[in-house]
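Student: Sequence first, then the predicted structure, then my questions.
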Amino acid sequence: MDERRKYRRSPAKEKTFLKSSEDKPHEGLLMDVSSGGMRISSEVNIKVGTALNGQFKIMPNLGNFYVSGEVIWSKPAGKEALETGYELGIKFNKVSTIPVV
């Protein structure tokens with residue numbers, strides 16, 4: 001099978017906090033992350049194309065990463081995700097160790 005991903009993904013199980021362009025807050029579970037994006041588990045579906053800003057940690061001793069990005073896919077939750085809800089693919093537009101405006 002050919003690997004289509006441009007960036008190597010690392011598994012993660014951390015909370016992530018996101019806000020949509022309407023300033024609506026969303027909390028999810030970070031499932032995996034790469035330098036180009038992340039997959040999260042969410043109890044609510046966020047529409048493909050929605051712009052998001054957020055933050056998450058991938059290592060306890062490091063500070064938060066701040067990101068801006070866009071939902072590029074959404075599907076019903078799989079076995080690894082929350083029991084109910086959705087898995088979302090988010091493509092990063094910007095990643096920083098200081099808050100993204």
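Tutor: Perfect, thanks for sending it.
Student: Which residue, other than its chain neighbours, is closest to Leu52?
Tutor: With sequence-adjacent residues excluded and distances taken as C-beta to C-beta, 6 or more residues apart in numbering, Leu52 is closest to Leu18, at 4.7 Å. C-betas here are computed from N, CA, C, even on glycine.
Student: What strands line up against the helix or strand Lys15 falls within, and which way round?
Tutor: Assessed by DSSP states H and E, Lys15 sits inside strand 10-20. Note on strand 10-20: by DSSP bridges, its sheet partners are strand 25-33 (antiparallel), strand 51-56 (antiparallel).
Student: Which residues lie in contact with the residue nearest to Leu52 in this structure?
Tutor: Neighbouring residues of Leu18 by C-beta atoms under 8 Å, 6 or more residues apart in numbering: Pro25, His26, Glu27, Gly28, Ile40, Ile46, Leu52, Asn53, Gly54.
Student: By neighbours, which of those wins?
Tutor: Counting neighbours by other C-beta atoms under 10 Å, Ile40 comes out on top of these with 31 neighbours.
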